[in-house]
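Attaching a predicted model along with its sequence, questions to come.
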Number of protein chains: 2
Amino acid sequence: MPVLVMKFGGTSVATLDRIRRAAKRVGVEVAKGYDVIVIVSAMSGETNKLVGFVEETSPLFDAREYDAVVSSGENVTAGLMALTLQEMDVPARSWQGWQVPVRTSDAHASARIEEIPPENITAKFAEGMKVAVVAGFQGISPEGRITTLGRGGSDTTAVAFAAAFGAERCDIYTDVDGVYTTDPRICEKARKLDRIAFEEMLELASLGAKVLQTRSVELAMRYKVRLRVLSSFEEQSDEAGTLVCDEEDIMESNVVAGVAHSRDEAKMTLVSVADRPGIAAAIFSPLAEAGVNVDMIVQNISEDGRTDMTFSCPTNQVARAEKALAAARDEGVINFAEVLADTGVCKISVVGIGMRSHAGVAAKMFKVLADEGINIQVITTSEIKISVLVERKYMELAVQALHDAFELDKAG
Amino acid sequence: MPVLVMKFGGTSVATLDRIRRAAKRVGVEVAKGYDVIVIVSAMSGETNKLVGFVEETSPLFDAREYDAVVSSGENVTAGLMALTLQEMDVPARSWQGWQVPVRTSDAHASARIEEIPPENITAKFAEGMKVAVVAGFQGISPEGRITTLGRGGSDTTAVAFAAAFGAERCDIYTDVDGVYTTDPRICEKARKLDRIAFEEMLELASLGAKVLQTRSVELAMRYKVRLRVLSSFEEQSDEAGTLVCDEEDIMESNVVAGVAHSRDEAKMTLVSVADRPGIAAAIFSPLAEAGVNVDMIVQNISEDGRTDMTFSCPTNQVARAEKALAAARDEGVINFAEVLADTGVCKISVVGIGMRSHAGVAAKMFKVLADEGINIQVITTSEIKISVLVERKYMELAVQALHDAFELDKAG
C-alpha cells in the first residue's frame, strides 16, 4: 500500500470536535487505499501551559525534565485520535515517540531526529492496521530519555516519517489554507501562494512565518518529500493548499515572494568589548554551548580598541544568554562593561529567490520604512532575504507598507 | 543508604506551590540521610479531565488508548517535581513507568504490577542522585504498551516500590491527616485513628473510603511494608498520621472501626432469569470477561422456574455491563426479560475486626437505618463488615447516624 503522512497541528486538534473532523479527513485518505501515518500536535494551548509550568518552576531548567513534561500533550492527542478513528471503524493505534522508536540526538529541547526504524509500524500495517497515530514533537535519546524537537517540531516529525516510509506525500494540516505572502492576521491583503520554493519557505520559516518549522522544510528539500500545507477547516481537494517544491517548478515570478515578521526577538548588546581577533568566537562559543540561538550579529565601529557587539536571540533565551556571558566574563574569556537586553523589538524580512537577479530590493525596503518613520536598528542580508530589527510597535505597519510596496497582493 | 518511599496524591501536587511544599518535605528526609523514591499522582483534576476526553470520544473505549491518554498527567508532575528539587539543590530526576521499567500485566486500565527491577534507579543513587521521582499509576505491558493500574493506582505504585527497594517506610501524603472513622467531609464527628489493622483498611479501601487503594494495602500486608498515611498540608513528625499495621499491634478495641460509603455504585437487575444450575456462572462470566467489577450479588426467590438477579457495579461500567449481557443473550448463553439499571444508589458499610467476637452488629445497623426511615435495598456481609445499598440521597444521613450509634467519636 502507498503510505501518506498527514500532520495535524494544535489548532486542528484543539477540541474533540476538531479531532473528529481531522479523523474524517484521515478516513477519506484511507478509503483511497493509503496506509496513513498521522502526526499530531498537542491540543492548542496545552504545550504553552506546560512550558509555563516548567519556566515558573525553574527559570534555568534542566532540559531533560522540560522534555519529560512538555512532551505529554502530544501523547493525549495521539490516543484520542486513535480512539476517534476506531469509533469510525478505521483500525488505528497510537504510538509515542519511544515506542516507534523515534531516535534523536541528546540535545534536549531541540533534539534532531537521527533514525526512524519503520519495522514496528510496517508490521502493524501488514496485520491490517490502517492508521498509525504518532505523537509528534518527541523522541528518545541514546540514553533512553524523552527528547523534544523544539517548538513546531511536529512538522519535522511528519517530514521525517514521510522520508523514512517513502510516503507519497506529506500533508501538513493547519489553521491557514496555505502559505501566504505575509501573515493574513496582520495584513488583510495577504495572498495565498499556490507554490513556493523550498529555499523561500526555509527563509520564511526561519524568519518567524510560523506555517512550517525550518527543519521540516530542510528535511523535505533533502529527501525530496512532496510537502503540502493546507487547512483542516475546509473541504479539500488534491490540489488545495500550497505545494512547497523546487525552484524550477515555480511559475510565478515576483521578485519578493513574501514579507515575514518575528515578534519573539530580543536585541542584546555587549557594551565596550575589547576589539581583538577572536573576540567574536570568544563571545558566541559560550552562547552556542548554552543553547542560545543567536540570529543577527552586528559589530559596531571600533573606538580606542573597544567596540559594541549587538546580536539578537529569542526572547525566552535572554536569561540564559546573560548567564552564559557573565560566566565567560568571570572565567576571563571575554571582557565587557555591561549587557543591554531589549525585548521590545521585532524582526521584519522580505524574501524572494527573484532578488538574486534584481538589484534595488534593499534600497526600496529601507525607503518604504523610512517613509513610515520607522527607525531600523539592525540589518542583515542574504542572497534571497533582507531582515531588519525595528521597534515592536511598528510591526504591523512595517509589514503592511512592505506588502503594498512590493505589490504582493498581485500574482507575478 | 536506607530508602524511603514518599507518595504525593493529586491534591498534594495540585499547584506549583504545593509541589514546592511537597518537595520541601522530601528535602527533610534527604537531609536525614535517606535515598528517596517519590511517587507522584497527576495534578488534581487532570486525570478526570483526560478520562472525560476518552469517554466522550469513545464510550466503549479501547483500554490501550485510554491508558496512553490518562497516564500523561503523572508524567507532567514527575518532571515538575524533579525540577523543583533541583532548584533546591537536591539531585533528582524523573522516571516514567516504562523507563524504570514498571512491568505490569496487559490488563489495560487495571493492570497489576508484576516486577520492578531496581537496577536502573539504584545505579543512579550510587552516582549521587538523591531522589528518583517516579510517575505513579502507570507501567508497561509485555507488549511494550503503556498500562495504568486503575484509579488510585499511585498508592499501589508506592507500596510496590517500597517492597522492591526494601524501603524503611512508605509514607502516603494526602489531603487528610490520617485514616478516619468515617469521611470527615460528611460527618464532622469523624475521628482520626492512630493505627488501623491491614484487614480493616482493606475493607475500608474496597468500600470506597478513598484514603488508600485496596491493592496497595494488600501489597503492604503481603510484603510487610510499614505504611503510613499523613497530610501534606501540615508540619509532620515521625509519629504523625495513621499507621496501617498488623491486628496484634492495635491497642484500641472498638467493635466497629469505621463507617464507609461509596457514591459510585449502580444497582443492576436482570428480570426473569431462568433459575437453573449454572445460571450465576452464565451471567457473571461474561461480565468478568468484559472487565465489569461486580460487587454485591443477590438472587431473589424463584417463582415458576424464573428469578430476578441483582448485582452492583461501578456506575461508569453500566454501559459495558449492559452490552456484555445483551451479547450473552444474543449468543443464547442466558435468557432474561430485561435489565434494569439504577444509578441512584450508594453503599454504606460498617467495618471492624471486633465484629468477629461481637454479635448483634448487623441487627443494630439495620435498626439505626430503620429508625431514620432509610430503606435497605441489598445487604451483604463478611467476617468483619456489613454493607447495604440505599438510595443515594440518604448517604450522609446514614453515615452520621451509624457513626453516632457505634460511638465512633470516642476511642475504644
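Here it is on my side, so go on.

who's in contact with A:R151?
Neighbour list for A:R151: A:47, A:213 [criterion: C-beta atoms under 8 Å, 6 or more residues apart in numbering or on different chains]. Glycine gets a C-beta too; all of them are placed from N, C-alpha and C.

Ok, A:D171 next?
Applying C-beta under 8 Å, 6+ apart, the residues contacting A:D171 are A:4-7, A:228, A:230, A:241.

For it, list each beta-bridge partner.
According to DSSP bridges, the residues that bridge with A:D171 are A:M6, A:R228.

where's it relative to chain B, distance?
A:D171 sits at a distance of 23 Å from chain B (criterion: C-beta to the nearest C-beta, to the nearest Å).

Provide a list of residue ranges in the stretch 101-250 of chain A with pLDDT below threshold.
A:206-210, A:236, A:238 (pLDDT under 70).

Recalculate using a threshold of 80.
A:151-152, A:205-211, A:234-239, A:248-250 (pLDDT under 80).

Around chain B, which positions in it sit nearby?
Contact residues, the stretch 101-250 of chain A versus chain B (C-beta under 8 Å from any C-beta of the partner chain): A:144-146.

before we move on, the earlier item: now rank the contacts of A:D171 by neighbours and give me the top one.
Taking other C-beta atoms under 10 Å in any protein chain shown as the neighbour criterion, A:K7 ranks highest of these with 30 neighbours.

Please identify the helix or strand for the nearest residue to that residue once chain neighbours are set aside.
In this structure, A:K7 finds its nearest non-sequential neighbour in A:A158, 3.6 Å apart by C-beta to C-beta, 6 or more residues apart in numbering or on different chains. Using DSSP states H and E, A:A158 falls within helix A:153-164.

thinking again about what came up before, for A:I172, see how far away the residue nearest to A:K7 is.
Counting by C-beta to C-beta, to the nearest Å, the gap from A:A158 to A:I172 is 6 Å.

so what sits against both of these two?
Common contact partners of A:A158 and A:I172 (C-beta under 8 Å, 6+ apart): A:7, A:216.

What segments of the stretch 251-400 of chain A are strands?
Secondary structure of the stretch 251-400 of chain A (DSSP state E, counting those that start in this stretch): strands located at A:258-274, A:297-299, A:306-314, A:338-351, A:378-382, A:385-391.

Take those strands and write them to JSON lines, including mean pLDDT, distance to A:K367 and mean neighbour count.
Formatted as JSON lines, the strands of the stretch 251-400 of chain A follow (pLDDT from 0 to 100; distance: least, C-beta to C-beta, whole Å; neighbours: other C-beta atoms under 10 Å in any protein chain shown):
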{"stretch": "strand A:258-274", "mean pLDDT": "91", "distance to A:K367": "15", "mean neighbour count": "21"}
{"stretch": "strand A:297-299", "mean pLDDT": "84", "distance to A:K367": "21", "mean neighbour count": "15"}
{"stretch": "strand A:306-314", "mean pLDDT": "90", "distance to A:K367": "23", "mean neighbour count": "20"}
{"stretch": "strand A:338-351", "mean pLDDT": "94", "distance to A:K367": "13", "mean neighbour count": "19"}
{"stretch": "strand A:378-382", "mean pLDDT": "86", "distance to A:K367": "14", "mean neighbour count": "15"}
{"stretch": "strand A:385-391", "mean pLDDT": "92", "distance to A:K367": "12", "mean neighbour count": "23"}
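
out of these, which comes closest to chain B?
Chain B lies closest, by C-beta to the nearest C-beta, to one member of those: strand A:306-314, at 20.4 Å.

Need the residues that contact that closest one.
A:264-275, A:279-280, A:283-284, A:287, A:292-301, A:321, A:336, A:345, A:347, A:378, A:389.

For A:A158 and A:I172, indicate the residue with more neighbours.
Comparing A:A158 with A:I172 by neighbour count (other C-beta under 10 Å), the higher total belongs to A:A158, at 34 against 28.

The more buried one contacts A:Y173, correct?
No: with contact defined as C-beta atoms under 8 Å, A:A158 does not count as touching A:Y173 (9.8 Å).

picking that back up, which residues are in contact with the residue nearest to A:K7?
Going by C-beta under 8 Å, 6+ apart, A:A158 touches A:5-7, A:39, A:136, A:170, A:172, A:216.

same question, A:R20
By C-beta under 8 Å, 6+ apart, the residues touching A:R20 are A:T84.

That one in helix, strand or coil?
Assigned state for A:R20: helix (three-state reduction, DSSP: H, G, I helix; E, B strand; the rest coil).

Just give the nearest non-adjacent residue to A:I140, would you?
Closest to A:I140 by C-beta to C-beta, 6+ apart is A:W98, at 4.1 Å.

Backbone dihedrals for that neighbour, please?
For A:W98, the backbone dihedrals (degrees, to the nearest 10) come out as phi -70, psi -20.

do you know how far it is from A:K130?
Where A:K130 is concerned, A:W98 sits at a distance of 23 Å (C-beta to C-beta).

Equivalent analysis for A:R215, please.
A:R215 is 29 Å from A:K130, where distance means C-beta to C-beta.

now do A:D342
Per C-beta to C-beta, A:D342 is found 52 Å from A:K130.

For A:S105, give its distance to chain B.
From A:S105 across to chain B, the span is 18 Å (C-beta to the nearest C-beta).

so what's that residue up against?
A:111-112, A:114, A:141, A:147.

out of those, which is most surrounded?
Neighbour-wise, these (other C-beta under 10 Å) top out at A:T147, 32 neighbours.

For that one, grab phi and psi.
phi -120, psi 160.

Which stretches in the stretch 51-200 of chain A count as strands?
Ranges of strands in the stretch 51-200 of chain A, per DSSP E, counting those that start in this stretch, are A:92-95, A:103-104, A:113-115, A:131-135, A:138-140, A:146-148, A:169-174, A:179-180, A:192-193, A:195-197.

Which one of these lies nearest to B:E331?
Distance to B:E331, taken as C-beta to C-beta, is lowest for strand A:92-95 among the strands of the stretch 51-200 of chain A, at 27.9 Å.

quick one: contacts of that closest one?
The contact list for strand A:92-95, computed with C-beta under 8 Å, 6+ apart, reads A:75, A:78-79, A:81-82, A:85-86, A:120-121, A:124, A:129-135, B:62, B:64-65, B:68.

of those, buried ones?
Buried positions within those, assessed by neighbour count (16 or more other C-beta atoms under 10 Å in any protein chain shown), are A:75, A:78-79, A:81-82, A:85-86, A:121, A:124, A:129-135, B:62, B:64-65, B:68.

Narrow the residues you listed to those in helices?
Among the buried ones among the contacts of strand A:92-95, the residues falling in helices (DSSP state H) are A:75, A:78-79, A:81-82, A:85-86, A:121, A:124, B:64-65, B:68.

Out of those residues, name the two that are farthest from one another.
Taking every pair in these and measuring C-beta to C-beta, the maximum separation is 18.1 Å, between A:N75 and A:K124.

gap between the two ends of stretch A:321-338?
End-to-end distance for stretch A:321-338: 13 Å, by C-alpha to C-alpha, to the nearest Å.
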